[in-house]
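Undergrad: Any chance you can model this:
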Amino acid sequence: MEKKLVLRGILVGALGGLLAFVFARIFAEPLIQSAIDYESGRGEAEAALNQAAGLPVESEGPEVFSRAIQANLGIGIGMILFGVAMGALFSVVYTVSLGRTGRVRPRVLALLVAAAGFLALYLVPFLKYPANPPSIGHPETIGARGGLYLTMVAASILFLTGAVRLGKRLSARLGTWNATLVAAAAFVVVMGVLMAVLPPLGHLAANVNEYGSQGTETPLPLKNPAGQIVYPGFPADTLFDFRLYSVLAQLILWATIGLAFGPLAERVLSGASRREQAPADA
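TA: So this is what the prediction gives:
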C-alpha cells in the first residue's frame, strides 16, 4: 500500500509541476525576460561609467544555453522534477499521518498535508526571503542567501511539526478548535522571532558595500560620480508581479497535489481495506 501511495504522489507531483510550469511560462517568463533586459542595460551603463573613469571593463562570457532553451526546456524540466520531489515527500508524510489524525477522511487529510507543505516549504520562508527575478542579488551572496533560506525552511518544518504536536496534546484539555488556535499562535510567534533575528538580505556584506544598509537587495538607481542618475532602479511593478506569480505557481503545484491525490488515496485505501476484510469474512 505504501508503495502505491508514493507512486501516486510522484505522479500527481509531476502533474502539479507541469501545471505550475504552464502558468509560470505564460505569466512569469515575460517578467524574467524584463529582469534580464534590465540587468543587461544596467551592466552596459556600469561599463560606460568604468570606462569613463579609466577602470577595467569586464567582458561577459559566452552564453551556454540560449534563452529559448532556458525558458522552455530548462524551466519546464526543473519544475516538473521539483513537483516529483514534492509529490514524493508529500506522499511519505501522508502515509506516516494515516491512523494518527483521528477520523479524518483521506481526501481531507490530503488537503491538510498539502496545505502544510505549501505553508512550511514555501510560504513562510517566502515571507522573510521572497523570490527574486534575475538581476537582484550579487553572485558573492549566493551562498549566504541559500543558507539563510534553507534555515527558514528547516525552522518552518520543525516548528510546524511542533505546533501540530502541541495542538494534539492540548485538544483533550481545550478542545480541538481552541487547541488549534493556541498551536497556530505559538507557531506565528516563534517564526516571527526567528524572522526578526535573521538578517535582511540588504544587510549582507556585498549589498552593503554597493548600496549601503538596506532592507532588501533590490538594485537602487545607478549614479555617476556627480550624483546624477544614469540608470533607474529595478522596476517595482516587475518585482511585485514576479513575486505574486511565484506564489501562485507554488499554490497551483500544492493544490494540484492535494486535490488529485485524495481520490487516488481513497481508492488505494478502500482496496486495501477490502483485502483485509475478505479473510476475516471467510
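
Undergrad: Domain boundaries for the chain, per the record?
TA: 2-136+235-281, 138-217 (automatic domain parsing).

Undergrad: Please identify the most buried of those.
TA: Stretch with highest mean neighbour count among these: domain 2-136+235-281 (a mean of 17; mean count of other CB atoms under 10 Å). For every residue, glycine as well, the C-beta is placed using N, CA and C.

Undergrad: next one: that domain to chain centre, how far?
TA: 6 Å (CA atoms, centre = their mean, to the nearest Å).

Undergrad: and Pro133, that one's in a helix?
TA: No - membership of Pro133 in a helix is not supported by DSSP: H, G, I helix; E, B strand; the rest coil, which gives coil.

Undergrad: I'd assumed Pro30 was in contact with it.
TA: No - assessed by CB atoms under 8 Å, Pro133 is found out of contact with Pro30, at 10.7 Å.

Undergrad: Run through the neighbouring helices and strands of whichever strand or helix holds Val84.
TA: Using DSSP states H and E, Val84 falls within helix 75-97. Applying 3 or more CB pairs under 8 Å, 6 or more residues apart in numbering; DSSP states H and E, we find helix 75-97 packed against helix 2-27, helix 106-118, helix 236-281.

Undergrad: low pLDDT regions in the stretch 101-250 of the chain?
TA: 102 (pLDDT under 70).

Undergrad: Look up the closest residue to Val190, ignoring the ones flanking it.
TA: Sequence neighbours aside, Phe159 is the residue nearest to Val190 in space, at 5.1 Å (criterion: CB to CB, 6 or more residues apart in numbering).

Undergrad: Check which element follows the helix or strand containing the one you found along the chain.
TA: Following DSSP H and E, one finds Phe159 within helix 142-174. Counting by DSSP H and E, the next helix or strand C-terminal to helix 142-174 is helix 176-197.

Undergrad: Can you list the neighbours in contact with that next one?
TA: With CB atoms under 8 Å, 6 or more residues apart in numbering as the test, helix 176-197 has contacts from 124, 127-128, 152, 155-156, 159-160, 162-164, 166-171, 173-174.

Undergrad: same question, stretch 100-119
TA: With CB under 8 Å, 6+ apart as the test, stretch 100-119 has contacts from 86, 89-90, 93-94, 97-98, 156, 160, 164, 250-251, 254-255, 257-259, 261-263, 265-266, 269.

Undergrad: CA-only coordinates of it in CSV, if you can.
TA: The C-alpha coordinates for stretch 100-119 follow below in CSV (Å, rounded to 0.1, in the frame of the first residue of the first chain):
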residue,chain,number,x,y,z
ARG,A,100,-2.6,9.3,13.6
THR,A,101,-5.1,12.0,12.7
GLY,A,102,-8.3,10.5,14.1
ARG,A,103,-11.3,10.1,11.8
VAL,A,104,-10.1,12.5,9.1
ARG,A,105,-11.1,11.3,5.6
PRO,A,106,-8.3,10.5,3.1
ARG,A,107,-9.3,13.4,0.9
VAL,A,108,-9.4,15.9,3.8
LEU,A,109,-6.0,14.6,5.0
ALA,A,110,-4.5,15.1,1.6
LEU,A,111,-5.7,18.7,1.6
LEU,A,112,-4.3,19.3,5.1
VAL,A,113,-0.9,17.7,4.3
ALA,A,114,-0.7,19.7,1.0
ALA,A,115,-1.6,23.0,2.9
ALA,A,116,1.1,22.2,5.5
GLY,A,117,3.6,21.6,2.7
PHE,A,118,2.8,24.8,0.9
LEU,A,119,3.0,26.7,4.2
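
Undergrad: A strand includes Gly137, no?
TA: No - going by three-state DSSP, the assignment for Gly137 is coil, not a strand.

Undergrad: residue contacts, the closest residue to Pro199 other than its chain neighbours?
TA: Spatial nearest neighbour of Pro199, excluding adjacent residues (CB to CB, 6+ apart): Leu148 at 7.4 Å. Neighbour list for Leu148: Tyr129, Leu198, Pro199, Leu201 [criterion: CB under 8 Å, 6+ apart].

Undergrad: residue contacts, the residue nearest to the spatial centre of the chain?
TA: What sits nearest the mean C-alpha location of the chain, by CA atoms, centre = their mean, is Tyr122, with 3.6 Å. Tyr122 sits next to Val247, Gln250, Trp254 when contact means CB under 8 Å, 6+ apart.

Undergrad: Against Gly233, how distant is the closest residue to Asn72 other than its chain neighbours?
TA: What sits nearest to Asn72 in space, not counting adjacent residues and going by CB to CB, 6+ apart, is Arg25, at 7.2 Å. Look at Arg25 and Gly233: by CB to CB, to the nearest Å, they are 27 Å apart.
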